[in-house]
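[1] can't give you the sequence, but here's the structure:
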């Protein structure tokens, strides 16, 4: 089942291969300011369906973390980063974190939320 999503203005659109089994709410300084609920996918489960030049990117810190957002309306859309195991990056296992609040026609209230204490753990 393909699930589609988009930013507020529709300039940035994407698809994932399946609905999330859960979403993550992180209270680190970056995630809390972005306001997303994150659904995680492998790179082959995610497809950007609009032109890449519609997406703006913020490169965060010395890690290979890219936070993407719509260059027109500013919605936080997705990010690319290593998987995190015990609060440490695993660069051999990359993940795409999708802002699940942007899924079209999807009942996000039915999905369990996992809370991560990134504020005190990173």
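    All right, it came through fine. Only a predicted model underlies this, so the values are computations on that prediction, with no experimental measurement involved.
[2] okay, CA-based contacts and neighbour counts for the rest of this
    OK.
[3] Which per-residue confidence value corresponds to the nearest residue to residue 7 once chain neighbours are set aside?
    Nearest non-adjacent residue to residue 7, counting by CA to CA, 6 or more residues apart in numbering: residue 75, 5.6 Å away. pLDDT, residue 75: 95.
[4] and what of residue 61?
    Note for residue 61: predicted pLDDT of 69.
[5] ok, back up a step: residues contacting the residue nearest to residue 7?
    7, 8, 69 (CA atoms under 8 Å, 6 or more residues apart in numbering).
[6] Adding pLDDT as columns, could you present the residues you listed in CSV?
    Converted to CSV, the contacts of residue 75 look like this (pLDDT from 0 to 100):
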residue, pLDDT
7, 96
8, 96
69, 95
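[7] Closest to residue 35 out of these?
    Residue 35 has its nearest neighbour among the contacts of residue 75 in residue 69, at 12.3 Å by CA to CA.
[8] just the helices in this structure please.
    If DSSP state H is used as the criterion, the helices of the chain fall at 29-34, 118-121.
[9] Out of those helices, which is closest to residue 17?
    Proximity to residue 17, assessed across the helices of the chain by CA to CA, is greatest for helix 29-34 (23.7 Å).
[10] Does anything pack onto the closest one? Which helices or strands?
    Under the contact criterion of 3 or more CA pairs under 8 Å, 6 or more residues apart in numbering; DSSP states H and E, helix 29-34 touches no helix or strand at all.
[11] What residues of it count as buried?
    Across helix 29-34, burial judged by 16 or more other CA atoms under 10 Å covers residue 31.
[12] give the contact list for the nearest residue to residue 118 once chain neighbours are set aside.
    Closest residue to residue 118 apart from its sequence neighbours, by CA to CA, 6+ apart: residue 28 at 4.4 Å. By CA under 8 Å, 6+ apart, the contact list for residue 28 reads 117, 118, 119, 120, 122.
[13] Nothing else from me, thank you.
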